[in-house]
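Colleague: This is a predicted model, with the sequence first.
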Amino acid sequence: MRLKTFDRLDRVMLLIVISLGAAVWALSAWSAQPSGLQKHKQRLVYLAPAFGTSDLYLSDPNTANKPAERLTNEPFGVYDFAVNITGHLIAYSADNDAKAQSRDLWVLNLDTRQRYRVASCQNALCNTPTWRADDALLAFEYRQTSAGAPTQVWLADVGARKMYPLRGQGDTAKPVLGVFPKWSPNASTLAYFDNAQEQILVAQVDGITGAVTGTDIIENVQNPLFTWSPDGAKIAYIQHQVDDALNRQTLMQADLTKGTVEPLGEFLDRQLAQPAWSNAPPLRVAVAMRARALPDGETPSQAGQHIWLVSAGHAATSAITQKHNTNGEPLSYGGLRWSGDDAWIAVVRNLAPFLGEPEVWVMRTDGSEQKRVAQNATLPEWVR
């Protein structure tokens, strides 16, 4: 099937601006996981400080006045991380030197607080991990630190603690080039972004050999931070209307079971960031979006992106976030993550246009309540 029609400081800023994110999905009835696992995801892990040498911190938004627990103490900092489906394992990347010439992958068990290295990357940067649904494999970006080296997609066997490249089809296949890999709730399917061709490749993967056994293509994709639906059937992403004089964007969904691509809400003349699917039916999509019309006296550089919800019927609610803080300064939001019970969305909040230190907040999905979880922090993920 071929679907048609239609980047730690600098990296962190990119992820905030276009809102990182692979949400940790896995609706239990659809992903063949034990029932209720997602509902336990009510605590937050995040990186702090956002500017400087970051470590992982654990916080419970429902427990007032309890300080966050520091989970790691890496001498050169944690770069990024990912949480598994059950919410008790964290894969994270950590620099081995102050000049970021080597970056390894580690796994931290939240139940035991023990950690171990799963990928030793000499003269290479390994980051952006993603968990396969059965926790047996990690996919991640691998890039040698020599000048001009391309970014490849590699796999790490968590149990055997060995790593090897994802390879294309055929006997002479070379390592696959791509960024931001994301495993589907379907354990054998891995999607990644080809920035040269501006497309998402959806690959069936032999986890033992690292060979790609089949590929689907989603074309005309400019934003690499796409998101899987919790059943692994759809991918939501952002498409530019390149044939139009206006710089218009549309929120799209590719249905891999039907081989179709269609808009997910008619959002034109707006700036969109990565969408995030809810965990359980009725499915909704949260997306950070700048409205078409700006308030009087507000320039595009002052206008922030706010959180909107889209139902399965493609109808949008109004924004659920505040446009200004108590000082009247414009706000902007990104990095959206649904809690396990779909009652809250964790976000990264900045002054628009992403000035000053980012903060981690949680918002009620009905817009009725919001709480600040951490200052000078970023990249929140829900854990149990």
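Modeller: Looks like it came in fine. Residues are numbered from 1 along each chain as shown.
Colleague: From here on, just use CA atoms for contacts and neighbour counts.
Modeller: Will do.
Colleague: give me the low-pLDDT residue ranges for the stretch 251-384 of the chain?
Modeller: Segments of the stretch 251-384 of the chain classed as low confidence (criterion: pLDDT under 70) are 265-270, 291-302, 312-316, 353-354.
Colleague: Mind doing that once more with 90?
Modeller: Within the stretch 251-384 of the chain, the stretches falling below the threshold (pLDDT under 90) are 251-252, 262-274, 280-283, 288-306, 308-330, 351-356, 366-368.
Colleague: Which stretches in it count as helices?
Modeller: With DSSP state H, counting those that start in this stretch, there are no helices along the stretch 251-384 of the chain.
Colleague: Do you have the strands of it handy? List them.
Modeller: Secondary structure of the stretch 251-384 of the chain (DSSP state E, counting those that start in this stretch): strands located at 260-263, 271-272, 276-277, 284-290, 306-311, 331-338, 344-351, 355-364, 370-375, 378-383.
Colleague: what helices or strands is the last one leaning on?
Modeller: Judged by 3 or more CA pairs under 8 Å, 6 or more residues apart in numbering; DSSP states H and E, the packing partners of strand 378-383 are helix 9-17, strand 43-48, strand 78-83, strand 331-338, strand 344-351, strand 355-364.
Colleague: Adding distance to residue 162 and mean neighbour count, write the ones you listed out as a markdown table.
Modeller: Supplementary listing: the helices and strands packed on strand 378-383 in a markdown table, determined by distance: least, CA to CA, whole Å; neighbours: other CA atoms under 10 Å:
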| stretch | distance to residue 162 | mean neighbour count |
| --- | --- | --- |
| helix 9-17 | 26 | 16 |
| strand 43-48 | 26 | 24 |
| strand 78-83 | 19 | 25 |
| strand 331-338 | 30 | 29 |
| strand 344-351 | 33 | 25 |
| strand 355-364 | 34 | 20 |
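Colleague: would you turn the ones you listed into a markdown table with distance to residue 136?
Modeller: As requested, these are exported to a markdown table (distance: least, CA to CA, whole Å):
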| stretch | distance to residue 136 |
| --- | --- |
| helix 9-17 | 26 |
| strand 43-48 | 22 |
| strand 78-83 | 13 |
| strand 331-338 | 24 |
| strand 344-351 | 27 |
| strand 355-364 | 30 |
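Colleague: Among those, which comes closest to residue 164?
Modeller: Nearest to residue 164, of all those, is strand 78-83, at 19.3 Å by CA to CA.
Colleague: which residues touch the closest one?
Modeller: Contacts of strand 78-83 from elsewhere in the structure, counted by CA atoms under 8 Å, 6 or more residues apart in numbering, are 8, 24, 47, 53-56, 89-95, 127-131, 381-383.
Colleague: in its sheet, what does the next helix or strand after that strand sit against?
Modeller: Past strand 78-83, heading to the C-terminal end, the next element that is a helix or strand (DSSP states H and E) is strand 89-95. Using DSSP bridges, strand 89-95 pairs in its sheet with strand 78-83 (antiparallel), strand 103-109 (antiparallel).
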